[in-house]
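no FASTA, just this:
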Ligand SMILES: Cc1cc2nc3c(=O)[nH]c(=O)nc-3n(C[C@H](O)[C@H](O)[C@H](O)COP(=O)(O)OP(=O)(O)OC[C@H]3O[C@@H](n4cnc5c(N)ncnc54)[C@H](O)[C@@H]3O)c2cc1C
Ligand SMILES: Nc1ncnc2c1ncn2[C@@H]1O[C@H](COP(=O)(O)O)[C@@H](O)[C@H]1O
């Protein structure tokens, strides 16, 4: 079974985000990056499927050269090779444009399965995987938390809202979007890191000329969200004072102690 | 020419979701400012009563596709039915709730119109005749204003809670039209939805909850939070990453895919406050947040906030609380 895993590199979740001078996005110069959380789970799931059923795991990522560090880490964990769609602004495309470029880059690979994350932690569109499935004519299932292979089909467990679940059968080839927690992620071993050095990372250029026709939404401004509640801040940076004030509130106002 | 707003009404198991009425409220707000009429579309099997319920709202029409192949939700059947309706109605805007069901088929629908969704919006404002949609980015840490000056249809989804269901205006009674359509056999075959067997703890009954997030750093550190919970006679709970890592069982997860709770007191330790967490706890009586990041969105819903390192604050808090015990 050949599985392609879509992986996006996003700013570290603990990064301090500063808005750029134009107020149009965040300052990117001094950020550090990591694999999008659900994509890391998707990669792990692809590796586990390969261990059980054989085949190949191919990472596909779109973005500037910096994404190579994430790709190499994925190869060190056990992916076989990678396709890197290279371009400085490609990590900022809205989902139809992203999915269209990815579709062109992987169409000839004819994978049995494509795994994507359920949403990116930066833009959070929650769409790229589903649109890609549509563009490639594949059936899909989203928010998947368990996968069973049954002959030429998969049986997948989907998470629904507020504690509900559902199993679904889906014929291969197919695309799934993966929810975090589907597995426990492995670390790269030293052996894996050494082996990764010899693995192929194929660079491709974006293949669509009129990308503008696929861009239908533009971020005009970013800013800190307006606060909806009057939070009373305690302690003014002093942990001990904060603790004393909070204990007093819990006693006198909330009356839980 | 494209005109009007089409609202997707979501039903499951014989009732309309709360999110549907929130979406009607959102559409009515936009419709009033832009002077656009609103129609709603309902898909399902045996849903005539729900269509009648919808018709009681201030809408110009309710479109219903009542079909056996829509009895169970599948992305293929829903995308096909919605594609048909959108082509027929030719609306300027298609507005939907950002539910798990919509996330599953709506990107596919939009792609058939060479569009994507302006997804998970928290509000819309019309500025000089242009609708500006606001959506959260970076897991709720920033707001982004998004514009689309494009040709219709423009597909938009709204976050749960962005508008209030009670604000959906009632009307004089809208017409209901049933659309007949051949629906292809869906490729995916769903089995009945189910809930996992009820586990040991029912946090919805807890009066006091101490919840930990990724800021707790390691499983060993849970003992610190447990100590605080014990002292207050409360239960320990967590955000998703803690349960994903297997540090606490899934029945202690709070949020859209976990439990919804409304205790008297909710103390969030090292939880950033992503929307999927907030929907599970924002109705708590008093919310306390301890987080080292002053910009963390959890402070948005907190009554009391402490900006600081939880490993300094929590031990100090435990000492202070012990004083009340003696
Ligand atoms: C479909 C879907 C469903 C989901 N369902 C749920 C759900 O049911 N429940 C849920 O919780 N999430 C859910 N999520 C995930 C959610 O989007 C967030 O990723 C998650 O809630 C983040 O958890 P966190 O706040 O613990 O971690 P993070 O976002 O990583 O935040 C950690 C916080 O800890 C703070 N911190 C770090 N160190 C310290 C310290 N020493 N002292 C004090 N503070 C510190 C940081 O400043 C940060 O704010 C869902 C996501 C999706 C897409
Ligand atoms: N630039 C990209 N490169 C690789 N994969 C991507 C890219 N953008 C989005 N994806 C995939 O699509 C998923 C959903 O992203 P989004 O639609 O932005 O929420 C992500 O979790 C990734 O798996």
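Sure, I can see it. Since the model is a prediction, treat every value here as computed from it, not as a measurement. Ligands and ions are numbered 1, 2, ... in the order given.

Ends of stretch A:214-224, what's the gap?
Terminal residues of stretch A:214-224 are spaced 28 Å apart (CA to CA, to the nearest Å).

check which helix or strand covers residue A:198.
Secondary structure assignment for residue A:198, by DSSP states H and E: no helix or strand.

buried sites along the lengthiest strand in chain A?
The longest strand of chain A (DSSP state E) is strand A:140-150. Buried residues in strand A:140-150, counted by 16 or more other CB atoms under 10 Å in any protein chain shown: A:140, A:141, A:142, A:143, A:144, A:145, A:147, A:149. To be clear about C-beta, it is placed using only N, CA and C from the backbone, and glycine gets the same treatment.

can I see the domain layout of chain A?
Domain assignment of chain A by automatic domain parsing yields the ranges A:2-214, A:228-257.

Give the rounded mean pLDDT of the last one.
Read it as domain A:228-257. Here domain A:228-257 scores 94 as its mean pLDDT.

Is there proximity between it and chain B?
Yes - Domain A:228-257 lies within reach of chain B by CB under 8 Å from any CB of the partner chain, at A:228-229, A:231-235, A:237, A:239-240, A:242-244, A:246-247, A:249-251, A:253-254, A:256-257.

quick one: which of those sit in strands?
Using DSSP E, the subset of the residues of domain A:228-257 next to chain B located in strands is A:232, A:233.

where along the stretch 51-200 of chain A do the strands fall?
Remark: strands assigned in the stretch 51-200 of chain A by DSSP state E, counting those that start in this stretch are A:56-63, A:81-86, A:113-117, A:140-150, A:153-159, A:164-171, A:174-178.

got those as JSON lines, with distance to chain B columns?
Listed next are these as JSON lines, based on distance: least, CB to the nearest CB, whole Å:
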{"stretch": "strand A:56-63", "distance to chain B": "15"}
{"stretch": "strand A:81-86", "distance to chain B": "18"}
{"stretch": "strand A:113-117", "distance to chain B": "11"}
{"stretch": "strand A:140-150", "distance to chain B": "5"}
{"stretch": "strand A:153-159", "distance to chain B": "5"}
{"stretch": "strand A:164-171", "distance to chain B": "4"}
{"stretch": "strand A:174-178", "distance to chain B": "8"}
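
To ligand 2, which of the ones you listed lies closest?
Closest of the strands of the stretch 51-200 of chain A to ligand 2 is strand A:113-117, at 2.4 Å (criterion: CB to the nearest ligand atom).

from the chain's centre, how far out does the closest one sit?
For strand A:113-117, the separation from the chain centroid amounts to 10 Å (computed by CA atoms, centre = their mean, to the nearest Å).

What are the boundaries of the strands in the stretch 151-300 of chain B?
B:154-158, B:175-178, B:189-190, B:194-195, B:208-212, B:235-238, B:265-269, B:286-291.

so residue A:79 makes contact with residue A:55?
No - the criterion here is CB atoms under 8 Å, and residue A:79 misses it with residue A:55 at 11.7 Å.

Between these two, which has more neighbouring residues?
The neighbour comparison of residue A:79 against residue A:55 (other CB atoms under 10 Å in any protein chain shown) goes to residue A:79, with 26 against 17.

the inter-axis angle of the strand or helix carrying residue B:313 versus strand B:208-212?
According to DSSP H and E, residue B:313 maps onto helix B:310-325. Angle of helix B:310-325 versus strand B:208-212, following axes from the mean of the first three to the mean of the last three CA atoms, to 10 degrees, is 160 degrees.

What mean pLDDT does helix B:310-325 get?
95.

Ok, stretch A:98-106 next?
98.

And for stretch B:46-57?
Averaged across stretch B:46-57, the pLDDT comes to 97.

Next: stretch A:208-218.
The average pLDDT within stretch A:208-218 is 92.

hmm, that stretch touching ligand 2?
No - in terms of CB under 6 Å from any ligand atom, no part of stretch A:208-218 sits within range of ligand 2; the closest distance is 12.0 Å.

same check, this time on stretch B:145-155
No - judged by CB under 6 Å from any ligand atom, stretch B:145-155 stays clear of ligand 2, getting no closer than 13.5 Å.

quick one, what contacts residue A:48?
residue A:183 (CB atoms under 8 Å, 6 or more residues apart in numbering or on different chains).
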